[in-house]
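**Student:** Okay, here's the prediction I keep looking at, along with the sequence it came from:
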Number of protein chains: 2
Amino acid sequence: MSSCEVPKNRSGLSMGPQTLVIPVELFAVNRKRLVESLKPIVEDSIVLLQGGEEVPFYDTDITYNIFRQESYFMWTFGVTDAGCFGAIDVKTGNAYLFIPRYPEEYAVWMGPLLQPNDFTKKYGIPNVYYVDELPAILGNLNRGRLLRLKGLNTDSGLTAKPAVFEGIEKFTLDDETLFPVIADLRVYKTEQEISVIKYVVAVSSYAHRQVMKKIKPGNYEYQGESIFLNACYEKGGCRHVSYTCICGAGSNGAILHYGHAGAPNDSPIKNGQICLFDMGANYYGYCADITCSFPSNGKFTPDQKLVYEAVLNANRAVLKAGKPGVSWVDMHILANKVVLEDLKKGGLLQGNVDEMLEAGLGAIFQPHGLGHLLGLDVHDVGGYLKGQPERPQKPGVNKLRTARVLEKGMVLTIEPGCYFIDPLLDKALSEPNLKKFLVPEVIQRFRNFGGVRIEDNVLVTDNGLEDLTRVPRTVKDIEDWMSGRLDESIFLDEEILFIW
Amino acid sequence: MSSCEVPKNRSGLSMGPQTLVIPVELFAVNRKRLVESLKPIVEDSIVLLQGGEEVPFYDTDITYNIFRQESYFMWTFGVTDAGCFGAIDVKTGNAYLFIPRYPEEYAVWMGPLLQPNDFTKKYGIPNVYYVDELPAILGNLNRGRLLRLKGLNTDSGLTAKPAVFEGIEKFTLDDETLFPVIADLRVYKTEQEISVIKYVVAVSSYAHRQVMKKIKPGNYEYQGESIFLNACYEKGGCRHVSYTCICGAGSNGAILHYGHAGAPNDSPIKNGQICLFDMGANYYGYCADITCSFPSNGKFTPDQKLVYEAVLNANRAVLKAGKPGVSWVDMHILANKVVLEDLKKGGLLQGNVDEMLEAGLGAIFQPHGLGHLLGLDVHDVGGYLKGQPERPQKPGVNKLRTARVLEKGMVLTIEPGCYFIDPLLDKALSEPNLKKFLVPEVIQRFRNFGGVRIEDNVLVTDNGLEDLTRVPRTVKDIEDWMSGRLDESIFLDEEILFIW
């Protein structure tokens, strides 16, 4: 077979029989797609990626966190070890892995030192060498240039770090070609990747259900986080989450990135409050990103029901309207519109909804975007690549992490929200063109409400969106689930039951 | 009152009423001690420390982990927020905190922007300014020099990072004076610090007990980790652990730093194996570091009992012998000696135990040091400061993280171990001066045994060591605890019951 074909290697990454096995072919398929995309442009070249390094905790001898691989490297090679390089000869498709050479003494501290052929067995990459052999091996391939990864992450403003090794100055470097190609490939998930995402979304759904069932008024917010983390790890083998857990009760639900070190989910959950819990597990780098909003005591008040159903209607409208060919910007506006319409029906707003949208009222109640691409990064790459629609300018829509048109194989979050955020409400009340839509005395009633967000993870299929999330969503289902009247079986797909 | 006195501020750091409140006086006392130490040397000076920054996960917009404060900064100011500077005017003892100035929009994402007086209320530091005011405020103090932190961490080989800000070149910098003084102060724990350490050790003890009770053959190692993390967080409010959890079953117990990303606690726990679980919670930076070794099925085999009791006897011997004035090196050798004596009694070794020690056999069965200082770092600072005993040269003892003489107020781990590590046993069998002590056919029986480590956290008191650890330790207690015959109450101090 041509070395560019995907080998039939049955090994894979897994945390034991009760968890998903990720076949190493997943990464071989990614490499194959990359080679096929690059060959017509720069056949006489080598792709070179540098994997992540351990990050020390300041000047101490512990790490800031357990090592996790850099996402482009993970996508391409599927290697979970620190300190590696990876290369692909574009002409032949051959993949090369370069591993650190540790002193023998490390075996006492780190376990048996894996040899190159152990790495081949574990990761299905035939050519494994030590990092110190990299210049020689790449030199022998004798290709015209090294393609390195350099490009802007449009969510962080940071730049991917091109590979560096001693002796690299002898090679012709190309830092332009690789980034847009690999970033765009990552936007479209393969069949194998979709299986992994389905798994991590199923695990996260399970964990959210546990939280909803166990959390009670009187608990602290972080106890919900703890239940979630434990369910993901003990049951699903997910050692990491994809981002800091956001567990806001009451008005904390209106703080979009609540849960950070300065506001560490450390408030009590009071009776009658609504909880907004945004948490997603991570399995070998692949992300889930789910938000559940529910009443702390298991029973919605009329006001809570009003806001919740406005957001749910928005979520459902997008789920129904989304399909290949549809603009994500239009979906954002659709969601805003549904929420504003329902708030109007509920008596919080007055006037013409299209005029509200035009005036920017959508961004007062939902300052963030409708959702984002999801994959090996929680805010996945490829949102604003060249040749794709540019970032819109209007408030709210300008927070979208992509303005692309939906295509088959994309995975995204749909996460409309409605929040009562003091500085934004004050702003709206101070600007005549927004103030006129608000019914101040009703708005006042919601001042300490917090917020509702309903976030699903969806796959774009041939003719619509497949919702991968398995949590109770309607008011009735949530109340039934929290009171024990709803059986778990309705949330379990056959594929997950097969593993569990 | 002189501003160097400790203010009576009742506020503190806490994760709710079921957790410990750390009074902000703890940090005021630390500052007072620092000023009292520096004043006689460099009265006309300002201490300047730079707090930690968020660490991004590669080029993405998530962080590598939830922010945790750098330990010297935490010790001095007790501030958990990122991006701060802190200063102390040595002459007056006045403390200054400099906080980042965020744009107003941050309030939507991060929560209400705390003003300087909010920080004063939260942390009990009277003088709070924005970071951009730092050069002017320090300039106005008009002191002779800025004392910055620069010095070697003898566990990592890394260097503490001196504070840097724009305009610092206008000040006279002194990077020599501060480090040895503050590092040495950190070695001796105050009453307030001891309370926090007692709490985090109690939480970690509770969590270890949960793991021992819940884990069963057939589980995976990481499920023990997950139970531990959840118990520390849900019950004790400890969001972080102090180091990567080491959960080794069977032969994995002989890999000293097992649990890292390349060996992520992902093996099944088999019936008849011994588990070695080394895990410690972290509460506002303060560390616990406890190891429990126990049979997976709750019942020791004769071989397991033999090795376990050898290590327990070593642990108990040190607990009994340790007191102010005793050399830590002597304690290491004592522990080695007890283990070797018991291995000899058990038939694994032959010959004279003192000769074994002299030949370095101790380091074959316990390649690591007896224990280390414990505080805001799990391997706490001050181990090898100038004027203190230097690192010993002999195998095993050379791994000690300090060779100091014990003094009142030190907190340390006592963690003797006995492991059957293939490369080390092979080494011993290949060297005639070690080989002669081994009984090869008995050693062979233990080849896949793994290891035992028994790690307690102790406080040096006026006349001995106070063991803060509250887990079943004898063979009988472990078997009784795991089978449900031992009541939890015997592990609960009154002070913890008061909180829980």
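**Tutor:** Okay, I see it.

**Student:** list the buried ones in the helix or strand containing A:Val201?
**Tutor:** Secondary structure assignment for A:Val201, by DSSP states H and E: helix A:191-214. Of all the residues in helix A:191-214, those buried under the rule 16 or more other CB atoms under 10 Å in any protein chain shown are A:192-213. Every residue, glycine included, has its C-beta placed from N, CA and C.

**Student:** C-terminal to that helix, what's the next element?
**Tutor:** Per DSSP H and E, helix A:191-214 leads on to helix A:221-230 as the next helix or strand towards the C-terminus.

**Student:** which residues does the nearest residue to A:Thr19 once chain neighbours are set aside contact?
**Tutor:** Among residues not flanking A:Thr19 along the chain, A:Gly237 sits closest, at 3.7 Å (CB to CB, 6 or more residues apart in numbering or on different chains). Neighbouring residues of A:Gly237 by CB atoms under 8 Å, 6 or more residues apart in numbering or on different chains: A:Ser14, A:Met15, A:Gly16, A:Gln18, A:Thr19, A:Tyr283, B:Tyr220, B:Tyr222, B:Asp266.

**Student:** Could you count how many residues lie near the last one?
**Tutor:** The burial metric for B:Asp266, expressed as a neighbour count using other CB atoms under 10 Å in any protein chain shown, is 18.

**Student:** Then the third one?
**Tutor:** Counted with other CB under 10 Å, the neighbours of A:Gly16 add up to 15.

**Student:** how much space between it and B:His257?
**Tutor:** 21 Å (CB to CB, to the nearest Å).

**Student:** For chain B, what's its nearest residue on the stretch 401-500 of chain A.
**Tutor:** Nearest residue of the stretch 401-500 of chain A to chain B, counting by CB to the nearest CB: A:Pro423, 5.2 Å away.

**Student:** burial count for that residue?
**Tutor:** Using other CB under 10 Å, A:Pro423 is surrounded by 13 other residues.

**Student:** Could you verify my assumption that it touches B:Tyr106?
**Tutor:** No - the pair A:Pro423 / B:Tyr106 is not scored as a contact, 10.1 Å apart, by CB atoms under 8 Å.

**Student:** for A:Ile478, what are its contacts?
**Tutor:** A:Ile478 makes contacts with A:Met212, A:Phe294, A:Pro295, A:Gly298, A:Phe300, A:Pro472, as judged by CB under 8 Å, 6+ apart.

**Student:** ok, now A:Gln69?
**Tutor:** By CB under 8 Å, 6+ apart, the neighbours of A:Gln69 are A:Gly51, A:Gly52, A:Val79, A:Thr80, A:Asp81, A:Ala82, A:Gly285.

**Student:** Can you report how many residues neighbour the residue nearest to A:Lys323 when sequence neighbours are not counted?
**Tutor:** Distance criterion CB to CB, 6+ apart; nearest residue to A:Lys323, sequence neighbours excluded, is A:Gly464 at 4.8 Å. Using other CB under 10 Å, A:Gly464 has 17 other residues around it.

**Student:** Next, work out how far apart A:Gly464 and A:Ser204 are.
**Tutor:** 22 Å.

**Student:** Kindly report the same for A:Lys161.
**Tutor:** Distance of A:Lys161 to A:Ser204, given as CB to CB: 29 Å.

**Student:** Per-residue pLDDT of the residue lying farthest from the centre of chain A, please?
**Tutor:** In chain A, the residue that sits farthest from the middle, by CA atoms, centre = their mean, is A:Asn140; the gap is 39.1 Å. Turning to A:Asn140, the model gives it a pLDDT of 97.

**Student:** Strands along the stretch 201-350 of chain A, start to end?
**Tutor:** Per DSSP state E, counting those that start in this stretch, the stretch 201-350 of chain A carries strands over the ranges A:240-241, A:246-249, A:274-279, A:281-283, A:286-287, A:290-295.

**Student:** Now render those as a markdown table, adding mean neighbour count.
**Tutor:** A markdown table is the format used below for these (neighbours: other CB atoms under 10 Å in any protein chain shown):
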| stretch | mean neighbour count |
| --- | --- |
| strand A:240-241 | 20 |
| strand A:246-249 | 27 |
| strand A:274-279 | 26 |
| strand A:281-283 | 27 |
| strand A:286-287 | 30 |
| strand A:290-295 | 24 |
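
**Student:** Dump stretch A:466-486 to CSV, keeping only the CA atoms.
**Tutor:** Only the C-alpha atoms of stretch A:466-486 are listed here, as CSV (Å, rounded to 0.1, in the frame of the first residue of the first chain):
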residue,chain,number,x,y,z
GLU,A,466,-28.0,16.4,14.9
ASP,A,467,-28.1,17.3,18.6
LEU,A,468,-25.6,15.2,20.5
THR,A,469,-26.6,16.5,23.9
ARG,A,470,-28.6,14.2,26.2
VAL,A,471,-29.9,16.2,29.1
PRO,A,472,-33.5,17.1,30.2
ARG,A,473,-34.4,20.3,28.4
THR,A,474,-38.1,21.2,28.6
VAL,A,475,-39.4,22.6,31.8
LYS,A,476,-41.4,19.4,32.4
ASP,A,477,-38.5,17.1,31.7
ILE,A,478,-36.2,19.1,34.1
GLU,A,479,-38.8,19.1,36.9
ASP,A,480,-39.5,15.4,36.3
TRP,A,481,-35.8,14.5,36.2
MET,A,482,-34.9,16.5,39.4
SER,A,483,-37.8,14.9,41.3
GLY,A,484,-36.9,11.4,40.1
ARG,A,485,-40.0,10.9,37.9
LEU,A,486,-38.0,10.6,34.7
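
**Student:** Can you give me the buried ones in it?
**Tutor:** Those would be A:467-473, A:475, A:478-479, A:481-482, A:486, for stretch A:466-486 by 16+ other CB under 10 Å.

**Student:** Export the strands of the stretch 201-350 of chain A to TSV and append columns for mean pLDDT and distance to chain B.
**Tutor:** Compiled in TSV, these are given as follows (pLDDT from 0 to 100; distance: least, CB to the nearest CB, whole Å):
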stretch	mean pLDDT	distance to chain B
strand A:240-241	98	9
strand A:246-249	98	9
strand A:274-279	98	13
strand A:281-283	98	10
strand A:286-287	98	10
strand A:290-295	98	15
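
**Student:** Please identify which of those strands is closest to A:Leu147.
**Tutor:** With CB to CB as the criterion, A:Leu147 lies closest to strand A:286-287 of the strands of the stretch 201-350 of chain A, at 24.8 Å.

**Student:** ok, and what's touching the closest one?
**Tutor:** A:193, A:196-197, A:199-200, A:242-243, A:280, A:374-378, A:380.

**Student:** restrict these to those near chain B?
**Tutor:** Among the contacts of strand A:286-287, the residues lying close to chain B (CB under 8 Å from any CB of the partner chain) are A:Ser242, A:Tyr243, A:Asp377, A:Val378.

**Student:** quick one: which of these is nearest to A:Glu390?
**Tutor:** A:Asp377 (20.6 Å).

**Student:** got a list of what that closest one touches?
**Tutor:** A:Ser71, A:Cys287, B:Thr60, B:Ile62.

**Student:** for A:Leu357, same thing?
**Tutor:** A:Ile333, A:Asn336, A:Lys337, A:Leu340.

**Student:** Please render the strands of the stretch 201-350 of chain A as TSV that adds distance to A:Asn127 to the earlier fields.
**Tutor:** Converted to TSV, the strands of the stretch 201-350 of chain A look like this (distance: least, CB to CB, whole Å):
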stretch	distance to A:Asn127
strand A:240-241	29
strand A:246-249	43
strand A:274-279	40
strand A:281-283	27
strand A:286-287	26
strand A:290-295	39
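
**Student:** Out of the ones you listed, flag the one nearest B:Gly387.
**Tutor:** strand A:240-241 (43.1 Å).

**Student:** So what are the sheet partners of that closest one and their directions?
**Tutor:** Partners of strand A:240-241 in the sheet, by DSSP bridges, are strand A:281-283 (antiparallel).

**Student:** what's in contact with the partner strand?
**Tutor:** A:19-20, A:22, A:68, A:196, A:199-200, A:203-204, A:207, A:232, A:236-242, A:288.

**Student:** The lowest-mean-pLDDT helix or strand in chain A near chain B anywhere?
**Tutor:** Ranking every helix and strand in chain A by mean pLDDT, DSSP states H and E puts helix A:494-499 at the bottom, with a mean of 74. No - applying CB under 8 Å from any CB, one finds helix A:494-499 separated from chain B by no less than 13.9 Å.
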